[in-house]
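S.K.: Sequence plus the predicted model coming up.
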Amino acid sequence: MSDLLANLNPEQLAAVTLPAENALILAGAGSGKTRVLTTRIAWLIGTGQASPAGILAVTFTNKAAKEMLTRLSAMLPMPVRGMWVGTFHGLCNRFLRAHWKVAALPQTFQILDTQDQLSAVKRLLKGLNVDEQRAPPKQVQWFINGCKEQGLRAKDCEVRDAQSRLMAEIYAAYEAQCQREGVADFAELLLRTYEVLRDHAEIRQHYRARFRHILIDEFQDTNRLQYQWLKLLAGPNEAQPSAVLAVGDDDQSIYAFRGANVGNMDDYQREFHVHHLIKLEHNYRSHANILQTANALIAHNARRLGKNLRTEAGAGEPVRVIEQPTDQQEALWLVEEIRLLLRDGYARDQIALLYRSNAQSRVIEGALFNAAIPYRVYGGMRFFERAEIKHALAYLRLLDNPHDDTAFLRVVNFPPRGIGARTLEQLQDAARLRQVPLADAISALGGRGAASLQAFVDMLGRARVECAAMSLPDLVRHALDVSGLLEHYRAERDGQDRVENLEELINAATAFVTQEGFGLDAEALREQALSEQALQNLQAVDPATGETLSPLTAFLTHAALEAGDNQAQAGQDAVQMMTVHAAKGLEFDVVFITGLEEGLFPHENAMNEADGVEEERRLMYVAITRARKRLYLSHAQSRILHGQTRYNLRSRFFDELPEDTLKWLSPKAGAGGFGGAYRPTLRAAWNAAPAAPAVPFTPAVQASAPPHGLRVGQSVFHTKFGEGVILTLEGQGTDARAQVRFHRHGPKWLALNIAKLTPVN
DNA sequence: TCCTGTATGATTTTT
DNA sequence: TCATACAGGA
């Protein structure tokens, strides 16, 4: 036990050994948060204060959950596999598989991922005869998920006008459709679990009595529903509440756009009567200059819980800042700088190129490619999201559940078997009329179409029988054969990759069976299932009957819940490229933050949102704190975006950084963000200044001047709108436009060949 | 059924 | 600019 606690700093030690009461740990970037979380669990178990079964630990990503389990298994003498450590969705899935009856779901319910959900919505809208103009599918999906994340069912939706009434009606129809088909989307997993806990006191009591300790990671990212769920489970106002340990960092809250509610941290402190607030401010990652830069930036945010990172590492190198004329030249400069770093002995995978939006990666990729520097871009297609894999999974889903209409429609004519759109429309009409699954509506149809459809369903039926006794990998292979999928891709000219991916799917099935312990014989499974222990060991065992989930259902669940790696090229020794969001939680020796321009970072869309700029600033804070030894910040005067050249002002964030930690590799230009007044003299001075060759590769600092003689940041006068400041200039010749923020009328776009703008001094 | 042209829209993303 | 989605013709 003393081993466990050795090498913890005083704050970490305090957090680990807190009494069994609600606590909030404000864990700064690089402060050893995961270590605290896992050590706390090990300490609770090691001191006999809790049993492994009595602990619930929740994370957001599978990666974090796995990491926690790995560390725990190194710390604890007992197996950790069965512990309730997982993602919100994973744990809710486990819960629903065990309580499927009260949850009113089939035990083999399938999980719809985002794509599946969208196609389900599209199908629904067609069926309801709702014009896609009036209710764009994406918007409907967004609305439904938004409601669910607030804990709202269709009947709870506020109806204000025709549009909101329509949305609520669609939502209601969607609920019915999912229920009929036996499928649940991601948000449904949480909402359904929440409702079961809310409406069934005996179940709630059971889990409350069981989970005396609840630990939550990344608390700042929780949404309303997740918070409500926690409240039900922990019962802060009950006689014997569970002890909750929430770990989070309000400064790293960057997911408000998908429903995360930082306010949960305040609510939590109040509603859970939190006495213990511990700040982990000791950073073990970055040099002092980098931390100071981060601290200074984030200090510009209001309404923080308050926290300042410190380190015992030395000041280290200054933060390097550079301005380049164009995005192209920014990329070339990156390449040169990376060459030098590599020559100095930095490992390729210790160099990260961060950007605000994915579109920015193209130029950089091009430059790296030309320079023959290996790179890896994060955030592409994930394994289980590939079209061929989704097709294969659809066949597997139909074997498991013939009523899964989403899967049915996906593959009924893929590979092509002569079932046209016309036939499918008739089938859907017939099914809708009778309120039955598509497969059951075929008999109502006549003609050639019906025969082809029947052949398809018969094929599935035969396969279902043949597969009954097969092992999971055999079953997958068999499905790929009978469906004709494999053959189809083999015949295709460019199908080689897809064939390989399908082979990989069989491998994944093999690995799944081995890892998950589904290879155990049925009798052993059944015996285990009867004990409470089994409920933990197997993801899905009915506690009443001991009935276990089939390996196929478990595999499909696994595929939906863990979509696999989203790293395109798995080449290890490569420069790492990713969005700032994707970089959260990672760290690198060298970090480049690129494209630091007004409109890009902070992003223009964020400026119109409430607290948008603050979230952008937190994003920048996250980016800065990824760096261990060396940090570069770069921006370009002009950039091609959506095919048009835009002249962007340097990001306002530069003006919020301390001068003494920065080193300008190019002469610092005057004028900063929009907050302060524009200072034309400084800018003029910079334009005249000679380029200082701070690094071997320094392109000329002169941007190609926009032809109309106007500059971003310039004050102008318009006869109708009065005075304003130019925010953006783009386009050329007659297409040239300017975005101007007028003092009295706000920002407006103006065509420069029409609008008369007079420079003001 | 497949192919080709055009329209459209383009932060950030995990489950 | 550029990718993707969908409509319409062969």
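M.R.: In hand now; what should we look at?

S.K.: how much space is there between the residue nearest to A:Glu385 when sequence neighbours are not counted and A:Leu91?
M.R.: Nearest residue to A:Glu385 in three dimensions, chain neighbours excluded: A:Ala563, at 5.6 Å (C-beta to C-beta, 6 or more residues apart in numbering). All C-beta atoms are positioned from the backbone trio N, CA, C, and that covers glycine. Distance, A:Ala563 to A:Leu91, using C-beta to C-beta, to the nearest Å: 18 Å.

S.K.: Also A:Glu500?
M.R.: According to C-beta to C-beta, A:Glu500 and A:Leu91 sit 34 Å apart.

S.K.: Ok, A:Leu334 next?
M.R.: 42 Å.

S.K.: Get me the contact residues on the stretch 51-200 of chain A for DNA strand B.
M.R.: Applying C-beta under 7 Å from any atom of the strand, one finds that the stretch 51-200 of chain A approaches DNA strand B through A:Phe60, A:Thr61, A:Asn62, A:Lys63, A:Thr87, A:His89, A:Gly90, A:Asp113, A:Thr114, A:Phe186, A:Ala187.

S.K.: Put the buried members of these into a ChimeraX selection.
M.R.: Buried members of these, defined by 16 or more other C-beta atoms under 10 Å, are picked up in ChimeraX with:
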select /A:60,62,87,89,90,113,186,187
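
S.K.: Helices - which of the residues of the stretch 51-200 of chain A next to DNA strand B land there?
M.R.: Secondary structure from DSSP state H places A:Asn62, A:Lys63, A:His89, A:Gly90, A:Thr114, A:Phe186, A:Ala187 of those in helices.

S.K.: Identify the residues contacting the fifth one.
M.R.: The one in question is A:Thr114. Residues near A:Thr114 by C-beta atoms under 8 Å, 6 or more residues apart in numbering: A:Gln141, A:Phe186.

S.K.: Look at A:Leu334 and A:Leu91 and report which has more neighbours.
M.R.: With neighbours defined as other C-beta atoms under 10 Å, A:Leu334 and A:Leu91 compare such that A:Leu334 has more, 26 against 21.

S.K.: Doesn't the more buried one lie inside a helix?
M.R.: Yes. Assessed by DSSP: H, G, I helix; E, B strand; the rest coil, A:Leu334 belongs to a helix.

S.K.: Wait, it touches A:Asn370, no?
M.R.: No. With contact defined as C-beta atoms under 8 Å, A:Leu334 does not reach A:Asn370; the gap is 11.9 Å.

S.K.: Contact residues of chain A facing DNA strand C?
M.R.: Checking chain A against DNA strand C by C-beta under 7 Å from any atom of the strand, the hits are A:Lys122, A:Arg362, A:Ile640, A:His642, A:Gly643.

S.K.: Which parts of the stretch 601-750 of chain A are strands?
M.R.: Per DSSP state E, counting those that start in this stretch, the stretch 601-750 of chain A carries strands over the ranges A:627-641, A:644-647, A:662-664, A:715-718, A:722-730, A:737-742, A:746-751.

S.K.: Lowest average confidence across those, which one?
M.R.: Ranked by mean pLDDT, the strands of the stretch 601-750 of chain A bottom out at strand A:746-751, with a mean of 68.
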